[in-house]
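Novice: for reference, the sequence and a predicted model appear below.
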Amino acid sequence: MKQFRVIVKRGVTLNKQALMIYNPVSGKKKNHKYTDMLIKKLNDIGYEITVHSSIEMKQNGNAIREACENNWDAIFIAGGDGTINDTLQHLAEQEYRPTVGIFPFGTSNEFAKFIGIPSNIEESVSVIEKGKTKSIDIGKFGNQYFANIAAAGWLTDITYKTSPLLKSYFGELAYSIYFIKTLLLTKPPGEISIRVSPHVELSDLSIFLIMNGNSVGPLERIINTTTHANDGYFHLFTCKNTNRLKLLFALLAKMLHLTETVAPLDYYKVHSASFSIPDNLFVNLDGDQVDVYSTEFEVLPNYLHVFIPDKE
């Protein structure tokens, strides 16, 4: 892993302890040239930074556990949605959880967009400097945690099946290319059912998305409603089994906001749900393929404290 050398300015007091989880291979290559600057600016703000690679952290969460046990001030994540999710698996288990700062080094950076973090790395540092924070909800699906999106079914594997090389050069466009390819060349792999409440069960589904926000990838504002990061609810977006042409027109209608109701798509607000998923399907949590031991979903209210922009 790349080694970082920070020169401390005279008069700067390092009175805050922070852990940085850095993913050296996330997203577009151009973002990584800012890493030294990023650490130096955090140092200037007053943070003493300890850097660990995301690869090391994914295999062993000791650094995160120790930061929590020692009441460190912050955990900074320089990576994409997958890096955030890997960090969350260790962080969410701790009783004390330091405030989390996000530097969007990834391809689509869905969670960063959701909490309003600027895509410009230098601007994202100013979010930390201003120090405004907020408690937000996260989700738990089976034994795994997620910050922004849980999904399964047809077309939901594009984030981890799209070539890393394509993502590094084309960003989110790479996802769109793989999406079209998958839509044209594959078919729904199995039926999904969801029990939303004791009296409501959804069946014959090919896709579901559970979202903290209301956008996913190129589908901006797929749910045309105001979202709140700490209202105790997530958005459940579903699609009935249908043919490719109907699905394509339905998604286009949603993208263009032509109508609120589009068959075969549907929407619910949920704080918990129970899923029945075919054995041949994996669950996508924040862009990563995962195995889960159960298919129960719940919202964990006000569970994560994050730095957010000061828009006043």
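Specialist: Perfect, I can see it now. Numbering: from 1, shown residues only.

Novice: A67 belongs to a helix?
Specialist: Yes. Counting by DSSP: H, G, I helix; E, B strand; the rest coil, A67 is found in a helix.

Novice: and it, what does it touch?
Specialist: Counting by C-beta atoms under 8 Å, 6 or more residues apart in numbering, A67 touches Q17, L19, T50, I75, P98. Placement of C-beta: from N, CA and C, glycine included.

Novice: can you tell me how far I84 sits from D266?
Specialist: Here the criterion is C-beta to C-beta, to the nearest Å. By it, I84 lies 28 Å from D266.

Novice: more neighbours: which of those two?
Specialist: I84 (29 against 15; other C-beta atoms under 10 Å).

Novice: for that one, phi and psi?
Specialist: phi -60, psi -40 (degrees, to the nearest 10).

Novice: for N280, the count of nearby residues, please.
Specialist: With neighbours defined by other C-beta under 10 Å, the count for N280 comes to 7.

Novice: Three-state assignment for it, please.
Specialist: Classification of N280 by three-state DSSP places it in coil.

Novice: could you shift the numbering so residue one becomes 7, and keep it that way?
Specialist: That works, and once the first residue is 7, the last one we named lands at N286.

Novice: phi, psi for it please.
Specialist: Dihedral angles (degrees, to the nearest 10) for N286: phi -80, psi 0.

Novice: quick check, pLDDT for it.
Specialist: Note on N286: pLDDT of 73.

Novice: same thing with P195?
Specialist: For P195, the pLDDT comes out at 67.

Novice: before we move on, the earlier item: buried members of the contacts of A73 into ChimeraX, please.
Specialist: Filtering the contacts of A73 down to the buried ones (16 or more other C-beta atoms under 10 Å) takes a single ChimeraX command:
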select :23,25,81,104
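
Novice: export the contacts of A73 to TSV and tack on secondary structure?
Specialist: Below are the contacts of A73 laid out as TSV (three-state DSSP):
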residue	secondary structure
Q23	strand
L25	strand
T56	strand
I81	strand
P104	coil
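
Novice: no further questions, thank you.
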